[in-house]
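Undergrad: Predicted model follows, preceded by the sequence.
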Amino acid sequence: MILLSTFLRRSTSFVPPLVSHSLSTPLGRPQRLRSFHRMLSTTNGGQERTPEEMEEIKRQREARKAEKEAAKLAKKAKKAAAEAAKAEAERLMIINNQVTFTDEDSICGDYEVVTSKTSSTRTYTPLPSTKIGSKVWVRGRLQSVRIKGGSVFLVLRQDAFSTMQCVFFKADIPDVNEGGKMIKYMKGLTAESIVDVEGEVVEGNVKSATVRDREIKIKRIHTVSKSAPVLPFELEDAARSQDEVDASQDTDRPFPNLGQELRLDNRWMDLRVPANNAILRVKSGVCQLFRESLYSQGFTEIQTPKLIGGESESGAGVFKTDYFGKEACLAQSPQLYKQMAIASDFQRVFEVGPVFRAENSNTRRHLCEFVGLDLEMAINEHYTEALTVCHNMFKHIFEGLESRYSKEMEVIRSQYFSEPVEFTDEPCILHWKDGIKMIEEAGFDVGDGMQDLTGAQELALGKAVKEKYKTDFFILDQYPSSIRPFYTMPMSSDSRFSNSYDMFIRGQEICSGAQRCHDANMLREIIKGKGLEEGLKEGGGLEKYVKSFENGVSPHAGAGIGLERVVFLALGLDNVRKASMFPRDPNRLTP
């Protein structure tokens, strides 16, 4: 009895758990819940709990909940702190592990930023020049990395064209820790990073690189410049031909169709594509071949102003700017100055330089800034003397591209198909009236035959000339005077036409030229007839130009050639922007 009363007294202060054993009895859910609530609101003796007791139960329950939440947050904070500490340790490890060129102990790691602080006697070997059995240092871009267990396969790329496989096998390293360190380091390398590799050249059978009969066994590897892990686009995608991309669209794995704007916005990446890189090398080759041919024909290279006092080309848009309170123009061509060079007794001159045209033309063959290949020469009797020089120069370019730039041409044609430019041994010259007749025969309405040709008419003429004369390169001369610049010499037999000419590749114009009007009085009359007499006033942009002919000048003729046009058409590209490193058109001023 005493024991029972003691138990009852103690039980009145007992707070039952939130989950009672009675809930596990086989009662229906509603009945269990009602029993549970009755248990909370009553003591074990059956008495109703006071509001204070119920409040205490609620407080204890909320306290336990808050305690659990606090423990959860503490655990989360502890984990975050551990991750931050790990990241900081890794950052410090990277800094502490940075090596210099003279550090011979480290087998892997990032170089310090190259600031010309140190110099070594190390010699780097071009990938194609590596020889089996030799120990080499090579530098290149990391094109790809593949890790399989304890084996690593890297592909390095140099100069956009040459690729070579480098291999590492953990089993070849006696020190297990060192081998693991190498694997871990190479696993963290990012594509397009610049790396240095030291190793031995051994025999190989590699299908995924241009160097196929050998590979490099890696002894050391260091990162010179790390690439971001996410690239604007994959170079593999950018290197596919449009035909290949189009053919994949109906398959289960279509290739991405990279737009021109994406490529141009990230042009530095786009130019790593072998074909695109080769295009600019060929462009450089065209300049070299142009210079070679003209030097061999007695020309002198000159450099003329690009800030001038007036328009140098009538009918072409001009960019104007402030020049210390006066209006100046960006040169639309070196026309006036190369003619004044002839007046200065330079018998034959040429220039390679920028040309600016403020023409709002958003076509595949127009740019607002391009490179002009210009020439001017004294003639004895007839402007065809200049046509012979130009024809020989273009022959030298076309032949040189196929012979001296065959590697680049092959790379380009693997992505952008084209045939070599066909040309005749002697100049193929077509007169304006004959050209108009061929265009009419192709089904075009040419009106009175005195209007400039449209793009479609030029293409039709090019096709007709190819069929009749078996050439992609030809010259059309004797254009109507009304559609030529003010400095063009009229034909003596019919002043409605002129001693002018254009040159074409595959039916598209690449060059415009003429015999120039070198008689000062005749030139003034033509300028007035074109409505440009303001330029003749004192201080005007044409005053000194015309005056230079008053003291005697040789008859002369010349031509202005668009470098990008030549490359674009000779390579059969679909857009002239592919032939410009950083193109400028009405919608693009960067990068």
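TA: Looks like it came in fine.
Undergrad: which stretches of the stretch 151-300 of the chain form strands?
TA: Assigned by DSSP state E, counting those that start in this stretch, the stretch 151-300 of the chain shows strands spanning 151-158, 162-169, 194-203, 214-225, 300-301.
Undergrad: what bits of this structure have low per-residue confidence?
TA: For the chain, the stretches flagged by pLDDT under 70 are 1-46, 87-104, 312-316.
Undergrad: By residue count, which helix of it is the longest?
TA: Determined from DSSP state H, the single longest helix within the chain is helix 51-97.
Undergrad: For that one, which helices and strands make contact with it?
TA: Here helix 51-97 touches helix 29-41, strand 108-110, going by 3 or more CB pairs under 8 Å, 6 or more residues apart in numbering; DSSP states H and E. No exception for glycine: its C-beta is placed from N, CA and C like everyone else's.
Undergrad: thought Leu573 was touching Val282?
TA: No - the pair Leu573 / Val282 is not scored as a contact, 10.7 Å apart, by CB atoms under 8 Å.
Undergrad: Mind listing the shared neighbours of those two?
TA: Residues touching both Leu573 and Val282 (CB atoms under 8 Å, 6 or more residues apart in numbering): Val567.
Undergrad: List the contacts of the residue nearest to Glu458 when sequence neighbours are not counted.
TA: Counting by CB to CB, 6 or more residues apart in numbering, Glu458 lies nearest to Gly507, which is 5.5 Å off, once chain neighbours are set aside. Residues near Gly507 by CB under 8 Å, 6+ apart: Glu458, Leu459, Ala460, Leu461, Gly462, Lys463, Val465, Lys466.
Undergrad: Drop anything exposed from these.
TA: Buried subset of the contacts of Gly507 (neighbour count, 16 or more other CB atoms under 10 Å): Glu458, Leu459, Ala460, Leu461, Gly462, Val465, Lys466.
Undergrad: quick check, nearest of those residues to Glu410?
TA: Taking CB to CB as the measure, Glu410 lies nearest Lys466 of the buried ones among the contacts of Gly507, at 23.9 Å.
Undergrad: tell me what the helix or strand hosting the closest one is packed against?
TA: Counting by DSSP states H and E, the element that carries Lys466 is helix 455-469. Here helix 455-469 touches helix 432-441, strand 473-477, strand 500-505, strand 508-515, going by 3+ CB pairs under 8 Å, 6+ apart.
Undergrad: Send me that helix as PDB with only the CA atoms.
TA: The C-alpha trace of helix 455-469 is given here as PDB (Å, rounded to 0.1, in the frame of the first residue of the first chain):
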ATOM      1  CA  GLY A 455      26.500  41.200-108.200                       C
ATOM      2  CA  ALA A 456      24.300  38.700-110.100                       C
ATOM      3  CA  GLN A 457      25.400  40.100-113.500                       C
ATOM      4  CA  GLU A 458      29.100  39.800-112.400                       C
ATOM      5  CA  LEU A 459      28.600  36.200-111.400                       C
ATOM      6  CA  ALA A 460      26.800  35.500-114.700                       C
ATOM      7  CA  LEU A 461      29.700  37.100-116.600                       C
ATOM      8  CA  GLY A 462      32.200  35.100-114.700                       C
ATOM      9  CA  LYS A 463      30.400  31.900-115.500                       C
ATOM     10  CA  ALA A 464      30.300  32.800-119.200                       C
ATOM     11  CA  VAL A 465      34.000  33.700-119.300                       C
ATOM     12  CA  LYS A 466      34.900  30.400-117.600                       C
ATOM     13  CA  GLU A 467      33.000  28.400-120.100                       C
ATOM     14  CA  LYS A 468      34.400  30.300-123.100                       C
ATOM     15  CA  TYR A 469      38.000  31.100-122.000                       C
END
